[in-house]
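J.: predicted model and sequence follow; I will ask about them next.
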Amino acid sequence: MTYKPAVIFIEKHKKNAGDHVFRIMMILPALLMLAVFMFYPIFETFRLSLTNSSALGVSSYIGMKNYVYLLRNADFLAGLFHAFQWAFLKRRYPGPLAFFIAFACVTFKNPLVRWLRSVYYLGNVIPVAIVCMIALFILGPNSGALVTLANTLGWKWLAGIDFIGNARNAFPTLFAVATWAYIGFGIVYFMSCIDQIPAEIIEAAMIDGTNKWQLIFHVILPQAGYAIRIQALLAVVGSIRLFDLPWLITVGGPGNSTTTLGIELYKQGFINWQYGRGAAIGVIIFLLSLGFTVLQFSVKTEDD
Amino acid sequence: MKKSEGFQNEKFTFPAVLIHLFLLLVALLFIIPLVLPFLFAFKTRLEFAYHPWALPEKINLDNFVWAWKSVKIGKALTNSLIVCFGTIALTVPFSAMAGYAFSKFRTKVTDYLFYLVMSGFFIPVQMVLIPLVRINTTLKLINTLPGLILPLAAFGIPFWTMIFRAFFNKIPDDFVEAAKIDGSGNWRTFTLIMLPLAQPVLVMSTLLTFFGAWSDFLLSFIFINDPNLFTVQLKVQSLMGTTGNNYFPQYAAALLISIAPTVILYMLFHKHIMKGAMLGGALKG
């Protein structure tokens, strides 16, 4: 067969034209949604953060004044501090605990453990609002389930602890509730990480006569290192944005003992109607998340 | 804490039993808070005041009736369902389509567009809340269910587009070529061949989007002010904060109704749902 250049040209472009249209049509809906509800709002947030826009009246550009205001605002600083505090605690306690439980689960593969795994993950599936309602219900100061139980048992010391209304207790309590809800995710995640380590590596280590602790620290942890770092990063980034749990249980806590950046954003933007300041907090949240992501991925060795 | 020698064997040694007990204890810690509402929801308020911790004397459904009628939790359920299905109807098809195009119809431009889409994954919702409210107000969508569905769907798209693209990447390009030779147009190839192949991802995306939309609190809280349009989560929130343990049985009933769909779905699909948890880790780079 001979191919005339013209025919080939036309054939190729016929196909390309059809593909081209198809390609555009397939991507367009997703892109449109993102453009309207994500990308445009991002620019708008950056822009708003430089204005004194609010629910009343005209907005004008005021440069970095919002940021200066925030850095002097005690509530905001509390929220900022709590973001870091939360992130730090998350890496310290639930992280290793989840890993330990995951390791234990992987070590014993029997139906009981498989059932346990589903139970652990259940906390992750239950909507936050419901978790908070249950938490309030159990931990409520004078009429909570824990208090009534303590009274029934005569444990006055337990009944006397105010988990939520007391500024010093509120934060750890919240953290404990969050751990209850979300550790299931960590457990399942780590389980799948450990499972993915090739069996040969483990067998080789066993043959070389490592004992169990060496196995964990020198074989499993390094192998799962990447995944662990991802989990750590998710935990940190989540801490920065936290809103639902502290808001629902303590509404930012007695005073500002459990406020977060997310809550401050809501307060500034939707209670005080100061859009400019709210937007500035949004920008700060974004920059912090970005910063932590970059930080996490530029530090090569991480152990937990 | 001791562990058994060797990895993944040795069933009944003492350390193994110890660890199992520990794991069971942890599981109990999880289950007890969830079982408590059951203890309380079936009692009358009087019964609760006198014997909070005893088993209910008889199964009393008054609280559930109360929850349904006065709290109008039925309406909230409907609203939540509308939001969930609306979100799924937007997120899943759009992500699948875009993922397919990004995978099989690549050009330099689409590669950049994909990175753009991917970057959306890292955007915290809080950051764009305020402009979103203004957009909704301008489009007259504030305080409506579609006004909630659209942003919810938009925030799910980056992640699922990435997942669909990764999935379609694994399907050899020859499939598309072969279908073309057989005379199938692009759209038909997509709907009749690729989508059935992508069934696992479709199931997972539907499930997880449902859960995400059902559990959502922040966006619903911001966008919906009309109590008639409250989703289940907002209804639950409106019940909280009223102190007085006289109301616990009734709240417990409302809570159980709110939890029921999630738990039922979870029991049916927990394998799929947990696979979704691991997807997050499968995304490399």
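T.: Looks like it arrived, so ask away.

J.: switch to C-alpha atoms for all contacts and neighbour counts from now on
T.: OK.

J.: can you list the weak-confidence ranges in the chain?
T.: Picked chain A for this. The model of chain A has pLDDT under 70 over residues A:1-4, A:6-15, A:57, A:142-143, A:159, A:209-216, A:299-304.

J.: oops, chain B please
T.: Ranges of chain B meeting pLDDT under 70: B:1-13, B:45-57, B:241-247, B:277, B:279-285.

J.: for residue B:79, which non-adjacent residue is closest in space?
T.: Nearest residue to residue B:79, sequence neighbours excluded (CA to CA, 6 or more residues apart in numbering or on different chains): residue B:231, at 5.3 Å.

J.: any idea how far the one you found is from chain A?
T.: Applying CA to the nearest CA, to the nearest Å, the value for residue B:231 to chain A is 11 Å.

J.: give me every residue that touches that residue.
T.: By CA atoms under 8 Å, 6 or more residues apart in numbering or on different chains, the contact list for residue B:231 reads B:76-80, B:220.

J.: in helices, which of these fall?
T.: B:76-80, B:220 (DSSP state H).

J.: with respect to chain A, which of these is nearest?
T.: residue B:220 (11.3 Å; CA to the nearest CA).

J.: go ahead and confirm the closest one touches residue B:234.
T.: Yes. Applying CA atoms under 8 Å, one finds residue B:220 in contact with residue B:234, separated by 7.2 Å.

J.: when those two are compared, which one has more neighbours?
T.: More neighbours surround residue B:220 than the other of residue B:220 and residue B:234, with 26 against 23 (other CA atoms under 10 Å in any protein chain shown).

J.: excluding chain neighbours, what is closest to the more buried one?
T.: In space, residue B:220 is closest to residue B:148, 6.5 Å off (CA to CA, 6+ apart).

J.: which is the next helix or strand following the host helix or strand of the one you found?
T.: Using DSSP states H and E, residue B:148 falls within helix B:145-169. Heading C-terminal from helix B:145-169, the first helix or strand you meet, by DSSP H and E, is helix B:173-181.

J.: could you list the domains of chain A?
T.: A:1-31, A:65-298 (automatic domain parsing).

J.: just the buried subset of the contacts of residue B:231, please.
T.: B:76-77, B:79-80, B:220 (16 or more other CA atoms under 10 Å in any protein chain shown).

J.: residues contacting the residue of chain B found nearest chain A?
T.: Here chain B gets closest to chain A at one residue, residue B:127, 4.0 Å apart by CA to the nearest CA. By CA under 8 Å, 6+ apart, residue B:127 lies in contact with A:42, A:45, A:279, A:281-283, A:285-286.

J.: so which of these comes closest to chain B?
T.: The closest of the contacts of residue B:127 to chain B turns out to be residue A:282 (CA to the nearest CA; 4.0 Å).

J.: and residue 17, how many residues sit next to it?
T.: You didn't say which chain, so I picked chain A. 12.

J.: look at chain B instead
T.: Neighbours of residue B:17 (other CA under 10 Å): 13.

J.: now do the SS call for residue 68.
T.: You didn't pick a chain, so chain A it is. Recorded secondary structure, residue A:68: helix (DSSP: H, G, I helix; E, B strand; the rest coil).

J.: mind putting the buried ones among the contacts of residue B:231 into JSON lines with distance to residue B:102?
T.: Below are the buried ones among the contacts of residue B:231 laid out as JSON lines (distance: CA to CA, whole Å):
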{"residue": "B:76", "distance to residue B:102": "38"}
{"residue": "B:77", "distance to residue B:102": "37"}
{"residue": "B:79", "distance to residue B:102": "34"}
{"residue": "B:80", "distance to residue B:102": "32"}
{"residue": "B:220", "distance to residue B:102": "31"}
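
J.: which one of the residues you listed is nearest residue B:33?
T.: Residue B:33 has its nearest neighbour among the buried ones among the contacts of residue B:231 in residue B:77, at 22.7 Å by CA to CA.

J.: which ones are touching the closest residue in space to residue A:228 that isn't next to it in sequence?
T.: Nearest non-adjacent residue to residue A:228, counting by CA to CA, 6+ apart: residue A:190, 7.6 Å away. With contacts defined as CA under 8 Å, 6+ apart, residue A:190 is in contact with A:98-99, A:102-103, A:227-228.

J.: those residues: which two are farthest apart?
T.: Most distant of the contacts of residue A:190, by CA to CA, are A:103 and A:227, 14.3 Å apart.

J.: looking at these two, which one has more neighbours?
T.: Legend: neighbour count by other CA under 10 Å for residue A:103 and residue A:227, higher for residue A:227 (22 against 19).

J.: would you map the strands across the stretch 51-200 of chain A?
T.: For the stretch 51-200 of chain A, no strands are identified by DSSP state E, counting those that start in this stretch.

J.: could you tell me which residues of it lie near chain B?
T.: Taking CA under 8 Å from any CA of the partner chain as the measure of proximity, the stretch 51-200 of chain A contacts chain B at A:101, A:104, A:106-109, A:116, A:118-123, A:125-130, A:133-134, A:137-138, A:143-144, A:149, A:180, A:185, A:188-189, A:192.

J.: can you say which of these are buried?
T.: By 16+ other CA under 10 Å, these give A:101, A:104, A:106-108, A:116, A:118-123, A:125-130, A:133-134, A:137-138, A:143-144, A:149, A:180, A:185, A:188-189, A:192 as buried.

J.: secondary structure element for the residue nearest to the spatial centre of chain A?
T.: Nearest to the geometric centre of chain A sits residue A:238, at 2.3 Å (CA atoms, centre = their mean). Using DSSP H and E, residue A:238 sits in helix A:225-241.

J.: that older thread, A helix includes the residue of chain B closest to chain A, no?
T.: Yes. Counting by three-state DSSP, residue B:127 falls inside a helix.

J.: ok so, going back, any idea which of the domains of chain A is most buried?
T.: Each of the domains of chain A was scored by mean neighbour count; the highest is domain A:65-298, a mean of 19, by mean count of other CA atoms under 10 Å in any protein chain shown.
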